[in-house]
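Participant: I'll drop the sequence and a predicted model, then ask my questions.
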Amino acid sequence: MNNNERLYKISEIADIAKVNKTKVWRYIRDNKISERSMKANAKLYSEHTKDVIIKAFSSESVHLATETKADTSRILLEQIDILKGELERKNDQLDKMQSLLDQQQQLNLSTNRQNEKLIDTTTNNTPSQDDSPSQSDDTDVLKSTEGNEVKTSKKGLFGWLRR
């Protein structure tokens, strides 16, 4: 044993590598690394062993960090694709809804125009109560034209119901 060689405990190696002692212990066990010496039930490891362990954890952590970043990037890209698809579907739904609203407005306008025509026809064609008080009933009227009797219905908004 070299007298000037420094020996390290597992806890010291863990502190230098910035990992848990258990992780260092497992690495030593899995790689079958033997201790340089023992001091009061503490295993001591050489400088070279310490460097190998620290290098293993630093490259592993860099590798894990790179994998984690790559996984995160991949997941984020997948989420972006999903959200783009949802956004396209929502835009299609909005376009369809706008089309339906336009149709509804056109139908309402058409219906309002038809109602106005019916109201104008009803008010212009029905005699007022002052002009013909005898025709206030809602029955059909028989009119004769040159000897032929023709049955005519009263005009109005609900004239078709009276038939």
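Facilitator: Happy to help now that I have it. Numbering: from 1, shown residues only.

Participant: now do the helix ranked longest in the chain, average pLDDT.
Facilitator: Using DSSP state H to define each element, the chain has its longest helix at helix 47-125. The average pLDDT for helix 47-125 rounds to 86.

Participant: which strands and helices sit next to it?
Facilitator: helix 10-17, helix 21-30 (3 or more Cβ pairs under 8 Å, 6 or more residues apart in numbering; DSSP states H and E). Yep, even glycine has a C-beta here, placed from its N, CA and C like the rest.

Participant: let me know which of these is tucked in deepest.
Facilitator: Across the helices and strands packed on helix 47-125, averaging neighbours per residue (mean count of other Cβ atoms under 10 Å) puts helix 10-17 on top, at a mean of 18.

Participant: show me what that helix is packed against.
Facilitator: Right, helix 10-17 is packed against helix 21-30, helix 47-125 by 3+ Cβ pairs under 8 Å, 6+ apart.

Participant: got a list of what the closest residue in space to residue 54 that isn't next to it in sequence touches?
Facilitator: Spatial nearest neighbour of residue 54, excluding adjacent residues (Cβ to Cβ, 6 or more residues apart in numbering): residue 17 at 4.7 Å. Applying Cβ atoms under 8 Å, 6 or more residues apart in numbering to residue 17 gives the contacts 24, 53, 54, 57, 58.

Participant: cool, and residue 111?
Facilitator: So residue 111 contacts nothing (Cβ under 8 Å, 6+ apart).

Participant: give me every residue that touches residue 6.
Facilitator: Per Cβ under 8 Å, 6+ apart, neighbours of residue 6: residue 47.

Participant: all good on my end, thank you.
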